[in-house]
Structure formats: structure tokens, C-alpha cells
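Student: Give me coordinates for this.
(one chain, ligands or ions: 1)
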Amino acid sequence: MIKIDNLSKRFNGKNGKVTALNDINIEMYDGDIFGIIGMSGAGKSTLLRCITLLERPDSGSIFIDGNDILTLNHQELRKARRKMGVVFQHYNLLMQETVAKNVAFPMEIAGMEKSQIKKRVQELLILVNIDDKADFYPTQLSGGQRQRVAIARALATNPEALLCDEPTSALDALTTKQVLNLLKEINKRLNTTIIIITHEMSAVKAICNKVAVINEGRFVEMGLTKDVFTNPSHDVTKMLLGMEDI
Ligand SMILES: Nc1ncnc2c1ncn2[C@@H]1O[C@H](COP(=O)(O)OP(=O)(O)OP(=O)(O)O)[C@@H](O)[C@H]1O
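Tutor: Numbering: from 1, shown residues only. Now for the predicted structure:
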């Protein structure tokens, strides 16, 4: 379970301080597929970067299975990071390395044994249905195939949560559907909590059981996707759903 309490983050902008996150509170349970939606600049990426500890918040707590990851020392932090897999819009693969090597990479960093890595790479490539391309390089793959590799890599250390930043925004409609189906399948089979930041409402509708709407660094609406989407209460949600003009 991921629980965030009173999280705030400010940046030094050109014209003074920018509040990117303002007293964020949320609980995400094991097995949830949580969509985080909001207009451009609302704070979505900053939130994800704080959860993955790529960004240090100014205040607040992020509990993963009861432990506040913001209070961990360097070594504990490295371990905690392995509990979270991250999937990016542009895949972020090592272009000079094969598919198998890309997936093996986080396990090598974690110091796993070579034979174990080889076995796990094979399992993961089968899971994401790209085992026939183990020796290919990313440049030889389509966008959807690259994202499958990125998902396999993100799952390498058996994370409890998969955090996806616009995972399908660079893909066409059919490939988007396939990648979303894969994420849903992973969630079902491994009970991995999935957090998806997206501007694609159709993606949220397709796989997220819950959704939170962020605006100017604050959550303005949150709940079951079916409830929020059928009966949105905040103007921003209505705007995002195309019910109101911007
Ligand atoms: N490193 C930074 N320095 C200064 N300001 C920043 C920095 N990162 C983010 N911000 C500001 O924080 C606010 C939230 O940005 P963030 O990238 O989290 O929004 P977002 O919802 O992900 O937007 P988008 O959908 O356009 O990617 C914005 O006003 C942004 O300009």
C-alpha cells in the first residue's frame, strides 16, 4: 500500500516560487490501478517524481507498506527504489544494448546472480510477450514493442508498484490498447499496484479502477473511476472529460 500524507513541493521558478504540489493526500491499495489526471502543469510529473524519489519533496510523508521512504538512509533508499518500477512515455531504453540486456540491467545493479538473471529475463520477456526479440536492439522494435521491454525492465526487481508516466501517449490507438491490456494483465496476475499519469481519458476509462484529479498542485476530486467519470463534481474534471470548454 502507498499512503501519501501532506506532501508539498515548491520550485524556484523564473518569476519566484512555484508550488508544484500543495498538501497532497492519497491512499493507493495493493492491486489498485490508479489514474492521475490533470491539465498541463498541474503537478502530475512532480508527484510521480516524488514517489519514485527522483525529486525530494519539501514536506510530507510517503509510506510504502508502512515505512516512510523519506526517512530512509542511503542504503535503505536503494532497496526501497527496487519496490517501484517506472515506465516512461519515451521508454528510456539503453539503445546500445539488446532487449535481454535492457531487462537484465536493474537485476545486475541489484547484484543478482547471473544464472538467476538469465532465468528471470526469459520469464519477463514471456510475460510481456516479446521473448522472440531477446537479441534485438531497441532501434529494431516498434514503439509498442519498446514499451513492452520497458515494462519488463520495470518489473525486473519484483516491484510492488508500477508507476507509469504517460505510458501510451507516444503510441497509436491499437498499440495503446495492447499496452493497456498488458498492464491490466500484469495487475491481475501479479497484484501489482499500478499508477498511471495520463492525459488520455480513454486509457483511464479502460483500465483504472480509481482516478484522482490534480489541479494547481492539489487533488480536487478522487474516487472510483466509474463514479468520477459519470458524475464529475469539479470543473477541471468536467473539462478533462470534454463536458465543459476550457
Ligand atoms: N524543476 C523545476 N523547476 C521549476 N519549476 C518546475 C520544475 N518542475 C516542475 N516545475 C513547475 O511545477 C509545476 C508542475 O509541473 P509538472 O511537470 O509536475 O506538471 P504536469 O502536470 O506533469 O504537466 P504536463 O502534463 O505538462 O507534463 C509547473 O508549474 C512547472 O512549471
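
Student: how is the chain carved up into domains?
Tutor: Using automatic domain parsing, the domain parsing of the chain gives 1-83+161-246, 93-158.

Student: distance between the longest one and the chain's centre?
Tutor: Pointing back at domain 1-83+161-246 there. Chain-centre distance of domain 1-83+161-246: 7 Å, with CA atoms, centre = their mean, to the nearest Å.

Student: picking that back up, could you dump the domains of the chain into CSV with mean pLDDT added?
Tutor: As requested, the domains of the chain are exported to CSV (pLDDT from 0 to 100):
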stretch, mean pLDDT
domain 1-83+161-246, 93
domain 93-158, 96
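
Student: Which residues of this structure lie near the ligand?
Tutor: 11, 13, 18, 20, 38, 40, 41, 42, 43, 44, 45, 46 (CB under 6 Å from any ligand atom). All C-beta spots, glycine's among them, are computed from the backbone N, C-alpha and C.

Student: how about 5 Å then?
Tutor: 11, 13, 18, 20, 40, 41, 42, 43, 44, 45, 46 (CB under 5 Å from any ligand atom).

Student: what is the second one paired to in the beta sheet?
Tutor: With DSSP bridges applied, residue 13 shows beta-bridge pairing to residue 16.

Student: Next, count neighbours for it.
Tutor: 10 (other CB atoms under 10 Å).

Student: I'd guessed residue 161 sits against residue 84; true?
Tutor: Yes. In terms of CB atoms under 8 Å, residue 161 counts as a neighbour of residue 84; the distance is 5.2 Å.

Student: Identify the contacts common to those two.
Tutor: Residues touching both residue 161 and residue 84 by CB atoms under 8 Å, 6 or more residues apart in numbering: residue 64.

Student: Filter the residues of the chain next to the ligand down to the buried ones and express that as a ChimeraX selection.
Tutor: Paste this into ChimeraX to select the buried members of these, with burial taken from 16 or more other CB atoms under 10 Å:
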select :20,42,43,44,45,46
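
Student: So which of the residues of the chain next to the ligand belong to helices?
Tutor: With helices taken from DSSP state H, the overlap with the residues of the chain next to the ligand comprises 44, 45, 46.

Student: residues near residue 135, how many?
Tutor: Neighbours of residue 135 using other CB under 10 Å come to 10.

Student: Work out for me the element it sits within.
Tutor: Counting by DSSP states H and E, no helix or strand carries residue 135.

Student: Skipping adjacent residues, who's closest to it in space?
Tutor: residue 98 (5.3 Å; CB to CB, 6 or more residues apart in numbering).

Student: Thought residue 130 was touching the one you found, still the case?
Tutor: No. Using CB under 8 Å, residue 98 is not in contact with residue 130, being 11.6 Å away.

Student: of those two, who's got more company?
Tutor: Using other CB under 10 Å, the more surrounded residue of residue 98 and residue 130 is residue 130, with 22 against 17.

Student: Would you mind giving the secondary structure of the one residue sitting closest to the centre of the chain?
Tutor: By CA atoms, centre = their mean, the chain has its centre lying nearest to residue 163, at 1.7 Å. Here residue 163 is recorded as strand under DSSP: H, G, I helix; E, B strand; the rest coil.

Student: Offset the numbering so it begins at 17, please.
Tutor: Done: numbering now begins at 17, and the last item shifts to residue 179.

Student: before we move on, back to that, mind picking the two most distant members of the residues of the chain next to the ligand?
Tutor: 29 and 60 (17.2 Å; CB to CB).

Student: If you count neighbours, what's buried in the lengthiest helix in the chain?
Tutor: Of all segments of type helix in the chain, defined using DSSP H, the longest is helix 189-206. With burial defined by 16+ other CB under 10 Å, the residues of helix 189-206 counted as buried are 191, 192, 193, 194, 195, 196, 198, 199, 202, 203, 206.
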